[in-house]
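> build me a model from this:
(chains A, B, C and D)
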Number of protein chains: 2
Amino acid sequence: MSISKVLPQPDREEIRVEAVLQALGEPVRLQIIRALADAPEGIACGDIDLPVTASTRAHHLRMLREAGVLTTHTEGTRRISTLRRADLDTLYPGLLTGILSAQR
Amino acid sequence: MSISKVLPQPDREEIRVEAVLQALGEPVRLQIIRALADAPEGIACGDIDLPVTASTRAHHLRMLREAGVLTTHTEGTRRISTLRRADLDTLYPGLLTGILSAQR
DNA sequence: ATCGAAGTTCGATAGCCGTCGTACTATGGA
DNA sequence: TCCATAGTACGACGGCTATCGAACTTCGAT
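Okay, the predicted model is just below:
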């Protein structure tokens, strides 16, 4: 049995709006964000339908995590990601809602 | 005497959230947005203090305009830009506010 | 112990884009 | 008319980054 672990990510006060916007300004990553928004309990990155290979997928997940947009914890061999809604809503109230309200 | 003219820009319904986020996810452009937010009556791009040359400035202004973030009209030889607040607030309520609420 | 599944990391590549200088346009003033 | 000012357009260049394949790690199951 393995120990569930949270992957390294910035603290709330370390999150920079530029990094967040840059992270969100990429079609595939935006797609990921939307999938996460629809799965409040979190989702394994492999379970998100994306038009890229696994390695590219991992790359985008890492970008989003390091920007502070999502958090990832391990569950066996799977890595479950969730939106850092509370942090983002506190730092930039309305931003996430505004983005997600866009028609897809 | 010349005729004041509005430079080409997308209609509200043509604005895509990806383009907006991509436009905002660039430090210089974010700086422009903040300057515009502080000048509701509009501002000439030359009057914004930016760490880039005039041509780069023009490039960023064009990106922002074509993404639908700002509107530009001519006044003599000057080009006055203003945030498209109403359009953005309608399409993505809270997004602009969230971004601008970030500490600089 | 072996295997498969989930995912990451690394190196390489190709395309995008931020930057600049230069040339150009257009407007207004002398 | 001539010139200065405000700004754009274009071409070039360099750096960033999205993408991939291949090798590797980790865990769970058989």
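
> so the residue in chain A that DNA strand D sits nearest to is in which element?
When scored by Cβ to the nearest atom of the strand, chain A has A:S55 as its residue closest to DNA strand D, at 3.1 Å. C-beta here means a position set from N, CA and C on the backbone, and glycine is covered the same way. A:S55 belongs to helix A:54-67 when assigned by DSSP states H and E.

> quick check: next helix or strand after that helix?
Taking DSSP H and E as the definition, the helix or strand that follows helix A:54-67 towards the C-terminus is strand A:70-75.

> is DNA strand C contacted by that next one?
Yes - part of strand A:70-75 sits near DNA strand C under the criterion Cβ under 7 Å from any atom of the strand, namely A:T72.

> that strand and chain B in contact?
No - using Cβ under 8 Å from any Cβ of the partner chain, strand A:70-75 stays clear of chain B, with a minimum separation of 15.8 Å.

> same for that strand, what does it pack against?
In this structure, strand A:70-75 makes packing contacts with helix A:27-37, helix A:54-67, strand A:78-83, judged by 3 or more Cβ pairs under 8 Å, 6 or more residues apart in numbering or on different chains; DSSP states H and E.

> using CSV, please lay out these together with mean neighbour count, mean pLDDT and distance to B:G25.
Formatted as CSV, the helices and strands packed on strand A:70-75 follow (neighbours: other Cβ atoms under 10 Å in any protein chain shown; pLDDT from 0 to 100; distance: least, Cβ to Cβ, whole Å):
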stretch, mean neighbour count, mean pLDDT, distance to B:G25
helix A:27-37, 19, 97, 11
helix A:54-67, 16, 98, 10
strand A:78-83, 19, 98, 18
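
> quick check: which of those is nearest to DNA strand C?
Taking Cβ to the nearest atom of the strand as the criterion, helix A:54-67 is the member of those that comes nearest to DNA strand C, at 2.9 Å.

> show me what the closest one is packed against.
Using 3+ Cβ pairs under 8 Å, 6+ apart, the elements in contact with helix A:54-67 are helix A:17-24, helix A:27-37, strand A:70-75, strand A:78-83.

> contact partners for the closest residue to A:V20 other than its chain neighbours?
Sequence neighbours aside, A:A67 is the residue nearest to A:V20 in space, at 5.3 Å (criterion: Cβ to Cβ, 6 or more residues apart in numbering or on different chains). Taking Cβ atoms under 8 Å, 6 or more residues apart in numbering or on different chains as the criterion, A:A67 is in contact with A:10, A:15-16, A:19-20, A:22-23.

> write out the residues of chain A neighbouring DNA strand D.
Taking Cβ under 7 Å from any atom of the strand as the criterion, the neighbours of DNA strand D within chain A are A:1-3, A:22, A:26, A:28, A:52-56, A:59-60, A:63, A:74, A:76-77.

> look up the closest residue to the residue of chain A found nearest chain B, ignoring the ones flanking it.
The minimum distance from chain A to chain B, using Cβ to the nearest Cβ, falls at A:G94 (2.2 Å). The shortest distance from A:G94 to any non-neighbouring residue, by Cβ to Cβ, 6+ apart, is to B:G94 (2.2 Å).
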